[in-house]
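**Q** how does the following fold in three dimensions:
(chains A and B)
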Number of protein chains: 2
Amino acid sequence: MANAVLYDYFRSSASYRVRIALNLKGVEYEQRSINLASGAQKDSAFRRLNPQGLVPMLEIDGHRLTQSLAIIVYLDQKFPEPPLMPADLADSAHVRALAMAVACDIHPLNNLRVLKYLRGPLGISEEAKDEWYRHWVTEGLAALEEMARPHAGAFLFGDAPTIADICLVPQLYNARRFSVPLTDYPTLRRADETASAHAAFAAAHPDRQEQ
Amino acid sequence: MANAVLYDYFRSSASYRVRIALNLKGVEYEQRSINLASGAQKDSAFRRLNPQGLVPMLEIDGHRLTQSLAIIVYLDQKFPEPPLMPADLADSAHVRALAMAVACDIHPLNNLRVLKYLRGPLGISEEAKDEWYRHWVTEGLAALEEMARPHAGAFLFGDAPTIADICLVPQLYNARRFSVPLTDYPTLRRADETASAHAAFAAAHPDRQEQ
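**A** Model prediction:
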């Protein structure tokens, strides 16, 4: 029997993060796909479970947890091995800052609901919408590359996966879908390559989910 | 002598959050104002200190910390009293989720660099920009109200301030600047009112900073 139920969507970056964390922690989970493209997250049945109407949501230990980073911190505290953040407080703050540089400064500007608002109510052209996407991803990844470089190893921080890699991999998957060139970010590409070869990351990939 | 140096801007919501946390923890700090309106965060002198070119940045204990929520978690771990998150893991996940519903789902869409991109490169009218602002704030606050209600007290979670209130108060300050009606969010208004009367929150208010 599964220990948890994950409401997710194969292409949702935030869902992808939580899948990676669950896999790293070895927590078995059932998936319930909420089709964001068709607006299923706005159905009253789902909103009764999660008033924000966003995925991911994780049912675990009798709780309904939302917000990908809050879910991941919960998993990290509940199942301490392997740790997703370094033990040292300043190192941990650095790793959290890398994660948030993705989760607060890049991803929110580029998710589906925002791109839909640009095309719909704002009447922006497809081309200008893509340019918006690339602008924020490029600016954000350039900053992330600089931030990460001093402490990066095979992963974004040292040689083991952290919450920073959990945020990076879905963001680069997304960037590639929009043909954003990644040549200027060798540190990010190295961590992405290492992580993508890891079974926990590979099993969380959108191509391996129900669509 | 101050224990920390905070690079901030009086109206930056993320800076406002860190000021509140420093005040709650009783950490003395010097402030260095980086004028976001005139683009000082992009100056090479500041970017050498912080490659992301964003405020807030906190120099403390020989470290340069960035990303408001990562800074606040660091402060909470380093100076445990008063705690900014509940001890119970699921309660803590709930409080973090409330904070992130502001920091990841509302604020990133409405900060100055995004509003400038809408007006500049996208050529959106002032009116459509304001409508964009109100759209995301209204959608976000409505969800936050629903999320917060079951566990709210005088503050967003129970009767003591948490990281959720630290995110709420600057967001409502911002919402009022854009004349977003707040009548539908009684739980949020009650927490905001309680928090605003608290000395640590009051001293962090933009009107009480160097401008």
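**Q** CA only for contacts and neighbour counts going forward, please
**A** Will do.
**Q** A:M57 is in contact with A:R64, correct?
**A** Yes. With contact defined as C-alpha atoms under 8 Å, A:R64 reaches A:M57; the gap is 6.7 Å.
**Q** where is the longest helix in chain A?
**A** Secondary structure assigned by DSSP state H gives helix A:126-148 as the longest helix of chain A.
**Q** past the host helix or strand of A:A97, which element shows up next along the chain?
**A** Element membership for A:A97, per DSSP states H and E: helix A:89-103. Remark: after helix A:89-103, the chain's next helix or strand is helix A:107-110, criterion DSSP H and E.
**Q** what is the least confident helix or strand in chain A?
**A** Within chain A, no helix or strand scores below helix A:44-49, which has a mean of 84 by mean pLDDT, DSSP states H and E.
**Q** who's in contact with A:Q77?
**A** By C-alpha atoms under 8 Å, 6 or more residues apart in numbering or on different chains, A:Q77 lies in contact with B:L89.
**Q** can you tell me the SS state at the most far-flung residue of chain A relative to its centre?
**A** When each C-alpha in chain A is compared with the mean C-alpha position (C-alpha atoms, centre = their mean), A:G123 comes out farthest, at 28.0 Å. For A:G123, the assignment made with DSSP: H, G, I helix; E, B strand; the rest coil gives coil.
**Q** may I have the phi/psi pair for it?
**A** Note on A:G123: its backbone torsions stand at phi 60, psi 30 [degrees, to the nearest 10].
**Q** near chain B, which residues of chain A? Just list them.
**A** Residues of chain A found near chain B (C-alpha under 8 Å from any C-alpha of the partner chain) are A:51-53, A:63, A:65-67, A:69-71, A:73-74, A:77-78, A:89-90, A:93-94, A:96-97, A:100-101, A:103-105, A:108-109, A:122, A:124, A:128, A:140, A:143-144, A:146-147.
**Q** select only the buried ones of these in ChimeraX?
**A** In ChimeraX, a selection of the buried entries from the residues of chain A next to chain B looks like this (16 or more other C-alpha atoms under 10 Å in any protein chain shown):
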select /A:51,52,53,65,66,67,69,70,71,73,74,90,93,94,96,97,100,101,103,104,105,108,109,122,124,140,143,144,147
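**Q** domains of chain A?
**A** Here the domain assignment for chain A is A:4-82, A:89-200, based on automatic domain parsing.
**Q** and the end-to-end length of the longest one?
**A** Criterion C-alpha to C-alpha, to the nearest Å; first-to-last residue distance in domain A:89-200 is 26 Å.
**Q** that older thread, which residues touch the helix holding A:A97?
**A** A:85-86, A:140, A:144, A:147-148, A:157, A:162-168, A:171, B:63, B:65-67, B:69-71, B:73-74, B:77-78, B:104.
**Q** may I see the buried residues of the host helix or strand of A:L118?
**A** According to DSSP H and E, A:L118 maps onto helix A:112-119. Residues A:115, A:118 are the ones in helix A:112-119 that count as buried (16+ other C-alpha under 10 Å).
**Q** again, but for stretch A:150-158
**A** So for stretch A:150-158, counting by 16+ other C-alpha under 10 Å, buried means A:152-157.
**Q** what does stretch A:32-51 give?
**A** Buried residues in stretch A:32-51, counting neighbours by 16+ other C-alpha under 10 Å, are found at A:33-36, A:40-42, A:46, A:50-51.
**Q** among those residues, which are in helices?
**A** A:F46.
**Q** out of the buried residues of stretch A:32-51, which comes closest to chain B?
**A** A:P51 (5.7 Å; C-alpha to the nearest C-alpha).
**Q** mind listing what the closest one touches?
**A** A:P51 neighbours (C-alpha under 8 Å, 6+ apart): B:143, B:146-147.
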